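*Asks:* Sequence first, then the predicted structure, then my questions.
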Amino acid sequence: MKKQKGATLVEVLVAVTVFAIISIAMFTSFLIMKKMVAKQKEYLEFEIICRDINHYSDKYYIEGIENDWDLEYYGAKARKDDNGDGVYEVYYDFDYCLSETEQAYCLEYYYTDQNELIISVYHNETKRIIIDKLNYGGKRYGP
C-alpha cells in the first residue's frame, strides 16, 4: 500500500467544522460577557450615586424639621417634579455626571408614607431599568 501524503477531503471538512463551532461558541460568549460588564458598570456607578444620596440625606437630617437636602445636593435646576406626584427626577449624561437635559439616564426618587427613600434609575432612550425601587429605609424626616 502507498503511504498517503495529505488529509482527505472528509478530514479537512471535519476539522473546519469543529473549528467553526468552537469559534462561534467563543465569540458568542465574548459578546454576552461584554454586555454583562457594561450593565454591571452602569449598576455600580449608580449604586455609588445612590449611597451618596443616602448619606447626604442623612447628613442633613434634623430631628422634627424637614429640609430640602436634595436642593443642596443637586441644585435647584436639576430637581424636577413635573406631575406633582412627589417623584423627583434628576438626569445624568453618559459619563454619570449631572445634566440639565434628558441625555442618557434618569434617576427618580421619592418618599413613601413611612418616610422611606426609594430610588430608581433607568436609561432614557431604551427605558431599560438599571436600579428598580432601591429602598434605603425610613429613619429620616419623621418620628
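*Replies:* Ah, there it is. Because the structure is predicted, anything quoted here is derived from the model rather than measured.
*Asks:* Which phi and psi values does Gln4 adopt?
*Replies:* phi -80, psi 140 (degrees, to the nearest 10).
*Asks:* now do Glu11
*Replies:* Note on Glu11: backbone dihedrals following degrees, to the nearest 10 are phi -60, psi -40.
*Asks:* How far does the one helix or strand Val14 maps to sit from its chain's centre?
*Replies:* Using DSSP states H and E, Val14 sits in helix 9-59. Here helix 9-59 is found 15 Å from its chain centre; the criterion is C-alpha atoms, centre = their mean, to the nearest Å.
*Asks:* Helix or strand with the lowest mean pLDDT in this protein?
*Replies:* In the chain, the helix or strand scored least confidently by mean pLDDT, DSSP states H and E is helix 69-74, which has a mean of 68.
*Asks:* Which element is encountered next along the chain beyond it?
*Replies:* Next element after helix 69-74 (DSSP H and E): strand 88-92.
*Asks:* buried set for that next one?
*Replies:* Across strand 88-92, burial judged by 16 or more other C-beta atoms under 10 Å covers Tyr88, Glu89, Val90, Tyr91, Tyr92. C-beta coordinates here come from the backbone N, C-alpha and C atoms, glycine included.
*Asks:* what's the answer for stretch 128-136, then?
*Replies:* Buried residues in stretch 128-136, counting neighbours by 16+ other C-beta under 10 Å, are found at Ile130, Ile131, Leu134, Tyr136.
*Asks:* any residues touching it, and which ones?
*Replies:* Stretch 128-136 is contacted by residues 39, 42-43, 46-47, 50, 53-54, 57, 105, 116-123 when judged by C-beta atoms under 8 Å, 6 or more residues apart in numbering.
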